[in-house]
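>>> Need the 3D shape of this:
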Amino acid sequence: MKLYDYPDCPFAQKVRVVLVEKELEYETVFVDLRTGEHRQNAEFLKLNPYGKVPVLIDDDVVVYDSTIINEYLENEYPHPALMPEDSSARARVRTLEDYCDNSFLPSAGFVQAELSKPAAEQDAERLGRYRTELTRGLKRLEGFLAGKEYLVGEFSLADVAFVPAIMILPRLGIDVDPALRSVTAWISRLKQRPSVQSLER
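Numbering: from 1, shown residues only. Now for the predicted structure:
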């Protein structure tokens, strides 16, 4: 099994968490996004015409897009299960992952990009807007987590989706409101998982 990867890519991180959770061995193929290799390497573009990481190769199967890769891994290697059996709960997992991929993670990325600029060039209005979006997202998650250890009960692909952004909240200048007790406890549980800790190595 090979994973075409860039260490700081949150979508590649999602896949790495699942690979560790399922104790799957894989080889990493580094794709340098900083130099534009993902758009210039003809062999890589044959694997993913969009020129994005991650891409997974499992024997003769080629899968790209983190959500599709993780569902493939769940179907092909079902233990431990990262999707609930109940169809309505599975739908909640997919809905939460979609929200994360299209709103929460991009907001974190925008803040990170802004903070990477020299202080004099940072757009304070943009920073404030996306930090507010992240804070609003955490409040939304508080409702999903009420009375549960994880977003849909057991640890699932929904939780995995949020891990890359959750892990860098302090660097983004986001302090989790202590009143969000369920979110605070959830973040603590996530950080205790070996799969999440593996991202920091």
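>>> quick one: residue 73 and residue 16 touch, right?
No. Judged on Cβ atoms under 8 Å, residue 73 makes no contact with residue 16 at a distance of 11.0 Å. C-betas here are computed from N, CA, C, even on glycine.
>>> what pLDDT does residue 38 get?
Listed pLDDT for residue 38 reads 60.
>>> What of residue 127?
93.
>>> Could you list the low-confidence segments of the chain?
Counting by pLDDT under 70, the ranges of the chain that qualify are 35-42, 201.
>>> Just give me the longest helix of it.
helix 124-145 (DSSP state H).
>>> Show me what that one packs onto, helices and strands only.
Helix 124-145 makes packing contacts with helix 87-99, helix 105-115, helix 181-192 when contacts are defined by 3 or more Cβ pairs under 8 Å, 6 or more residues apart in numbering; DSSP states H and E.
>>> Report the next helix or strand after the host helix or strand of residue 62 in sequence order.
Using DSSP states H and E, the element containing residue 62 is strand 61-64. Later in the chain than strand 61-64, the nearest helix or strand by DSSP H and E is helix 66-76.
>>> Tell me how far that following helix lies from the chain's centre.
Per Cα atoms, centre = their mean, to the nearest Å, the displacement of helix 66-76 from the mean C-alpha position of its chain is 13 Å.
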